[in-house]
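In: Okay, sequence plus prediction incoming.
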Amino acid sequence: MASNAEANPLSGQYVVNRTNSLDHSVSNLGAESGPLKELRRQLESLSTLGSSEALGDLSTNAAAAAVEAAIEGSSAARDTSTRVERLLQERQRSLQRIKSVTYLTPVENIVDESRLVDKCTRELPRTLQRLIIAANRLPISAQRKSDGSWGLNQSAGGLVSALSGVGNNYEMLWVGWPGVFVEEGPDRDALTQLLLRRGCLPIYLSRCEVDLYYNGYCNNILWPLFHYVPLSFESKLSETKNMGLQWSAYQEANEVFARVILNAYQHGDVVWCHDYHLMLLPSKLKEGYSNMKVGWFLHTPFPSSEIYRTLPVREELLLSVLSADLVGFHTYDYARHFVSACSRILGFEGTPDGVEDNGNFTRVLAFPIGIDPGRFTQALATDRVQAHIHELRQRFQGRKVMLGVDRLDMIKGIPQKLLGFEKFLSEHPEWRDRVLLVQIAVPTRTDVPEYQRLTSQVHEIVGRINGRFGTLGSVPIQHLDCSLAFTELCALYAVTDVCLVTSLRDGMNLVSYEFVSCQSKNAGVLVLSEFAGAAQSLGAGALLVNPWNVNDMAAAIEDALTMPETERRERQRQNFTHVTIHTAQAWADTFVSELNDTHVEAELRCKRIPPQLDPLNVIDPFTAARHRLIILAWFSFVHLYIYDLSHSFTCNFWTTKAQNTFYDFLTLILGIQCYTDYAK
């Protein structure tokens, strides 16, 4: 039985209790099964946390009910457990090792510790937990109709499709900009109410704010830098001022997001911040609610520390992101670059699991995003798509079809793709009339001079290749500066023999996933840039190339066009298996589940810190003891062991900056010598 010394909780006194054994109904059951042993371990660990008063009335009926539940659960024992469950079990095992020890612990802390396991267990299976998605744009675009009312259209995008299935497990609330400028008044109120019915909470920004925050700091500074495009040198004073205005607008926009989310936040909500637009949001949310569950995910690459350190406000962004409980990236390389930047720029300690700063730990992991492959496979079965497929096969009859689907962007490597194809045609003239490259280049940011020059360059290369290798009946390249309808795109994927993805730097590139989803019958070959994030997921079934190496590109095109059918189908099988397993829904569920587990782990780490104790409360038992020993450990813990013929108990002090003063207090007031252990 555990012996306890009575104390008044209101007076700040501490309960002294010694644990030797347990005496309850479980011990009378004879042979114990696995679940019963687990129950005994849990009860033993709980008994070490405090007195029987603090633990509550563990009556015989309650114990019998627990035993009965354990017996019923023995037949359905699970083979796997979550990381948090393993952490709880390890915590229980560590508590069991402390036997015949008396604790000097505050009563109120005993109550909190005794309920920790049950509290964490209850939080894990919570359903309909609200998930707040914070992104730059809402999944719904608002447009004003001719009659003056508002119309809503579903937006297309990887994030929208990725989170479409999460609503089955969570109550979702999107927070973002609706894409329109609306002044305060009845029109804004009407649009807000309409969006709220669709689970969206709008953020309203002015034209100036969007120009400086989104078009300015996000797209002119962060986006190029994260894709390894160096910052342009600003030689004019006006441009320097402009960068300052862009940074101020970026801060203000993140402040607006934080203010709206904090007003809508309810206890237990999970907030998931997305992309480089909202890097300051995690810290602002934590300032409002320190216990809020906050995650942040980057959909672009994160550059190496040598590139990132050129950013003028590099520390502020890193510190804010580290305020999140969980930070996610597409690949392990991006996560490693982030941890390295925190280590080299901030001086924090980087570990394989995250970043640690003076006891605060931020978990950093890789979560490769996926798509919804069922959406493409189901579309292929429709009559409309089959009609498109039949039409395309008739048009491309007798020729191998190569496909490129990209935004007309500097990082997509369209010029490199065209130069590699030109090299292939010059080395293999027999393929001149037997192969066709269909390049879909969707225009973007047409008002930016750099993109205008890129468009002119691509058109020049296409014209040169078609003029050099084309005939009166055909040309080797069909270039389209437009987007295609979903049904047309699915049909084009299905008839393609080789898909060329030649990104110079890409977060993931889901075009490769879409192509694989539509190739169950054709078994086309995927030529994939090694600088795309998808190369780490589909590298086993794709032909990886360096888009900067024109000869390498030409050789990969030849290998893809002449690859035997057996090899093509084996590569397609590997890629299709990965795409169907690692879906967008699995990506989102994994991140949210990991965020919940990470937050519980943070609570457990905090619970392990011993409670603060006033030294005056141990003077009397210390001076009355016959043998005294103080061990001062390196990790800011003072372990005080007091030995007597009839008592044996230990007290843990959580020391602060006044550690040396406390050492002097023990030496001068108590008349003993303190020994400090400096071994790590």
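Out: Okay, I see it.
In: List the contacts of the helix or strand where Gly467 lies.
Out: Using DSSP states H and E, Gly467 sits in helix 449-469. Under the contact criterion C-beta atoms under 8 Å, 6 or more residues apart in numbering, helix 449-469 has outside partners 408-410, 414-415, 418-419, 421-422, 425, 432, 439, 441, 443-446, 475-477, 479, 481. Where you see a C-beta, it was placed from the backbone N, CA and C, and this is true even at glycine.
In: can you check stretch 278-287 too?
Out: Contacts to stretch 278-287, defined as C-beta under 8 Å, 6+ apart, come from residues 134-136, 222, 250-251, 254-255, 257-258, 261-262, 271, 273, 292, 294, 296, 316-317, 319-324.
In: list the buried ones in that stretch?
Out: For stretch 278-287, the neighbour count (16 or more other C-beta atoms under 10 Å) marks Leu278, Met279, Leu280, Leu281, Pro282, Ser283, Lys284, Leu285, Lys286 as buried.
In: then that stretch to CSV, C-alphas only?
Out: The C-alpha trace of stretch 278-287 is given here as CSV (Å, rounded to 0.1, in the frame of the first residue of the first chain):
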residue,chain,number,x,y,z
LEU,A,278,1.5,33.0,-44.9
MET,A,279,4.9,32.4,-43.4
LEU,A,280,4.3,35.0,-40.7
LEU,A,281,0.9,33.5,-39.7
PRO,A,282,2.0,30.7,-37.3
SER,A,283,3.7,33.1,-34.9
LYS,A,284,0.8,35.6,-34.9
LEU,A,285,-1.7,32.7,-34.2
LYS,A,286,0.5,31.4,-31.3
GLU,A,287,0.5,34.9,-29.8
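In: Angles on the backbone of the spatially closest residue to Leu212 that is not a sequence neighbour, please.
Out: Nearest residue to Leu212, sequence neighbours excluded (C-beta to C-beta, 6 or more residues apart in numbering): Ala249, at 3.5 Å. In terms of degrees, to the nearest 10, the main-chain angles of Ala249 are phi -70, psi -40.
In: Next: Ala523.
Out: Dihedral pair for Ala523: phi 60, psi 60, per degrees, to the nearest 10.
In: All the helices of the stretch 501-650 of the chain, in order from the start?
Out: 511-517, 535-538, 550-561, 565-581, 584-607, 619-624 (DSSP state H, counting those that start in this stretch).
In: Nearest to Val160, out of those?
Out: Val160 sits nearest to helix 584-607 of all these, at 9.5 Å, using C-beta to C-beta.
In: Mind listing what's buried along the closest one?
Out: Buried, per 16+ other C-beta under 10 Å, within helix 584-607: 584-589, 591-592, 594-602, 604.
In: what's the angle from that helix to helix 565-581?
Out: 50 degrees (axes from the mean of the first three to the mean of the last three C-alpha atoms, to 10 degrees).
In: list the helices and strands helix 584-607 packs on?
Out: If you count contacts as 3 or more C-beta pairs under 8 Å, 6 or more residues apart in numbering; DSSP states H and E, helix 584-607 packs onto helix 83-96, helix 116-123, helix 158-162, strand 270-274, strand 293-297, strand 326-329, strand 360-366.
In: Residues contacting the helix or strand following the shortest one, please?
Out: The reference is to strand 326-329. Counting by DSSP H and E, the next helix or strand C-terminal to strand 326-329 is helix 332-341. Helix 332-341 has contacts (C-beta under 8 Å, 6+ apart) with 298, 301-305, 308-309, 314, 318, 321, 327-329, 350-351, 354-355, 364-366, 507, 533, 536.
In: tell me the angle of helix 332-341 relative to strand 360-366?
Out: Put simply, helix 332-341 runs at 150 degrees to strand 360-366, going by the same axes, to 10 degrees.
In: same question for helix 332-341, mean pLDDT?
Out: Mean pLDDT, helix 332-341: 96.
In: of the contacts of helix 449-469, buried ones?
Out: When those are checked for burial by 16+ other C-beta under 10 Å, the buried set is 408-410, 414-415, 418-419, 421-422, 425, 439, 441, 445, 475-477, 479.
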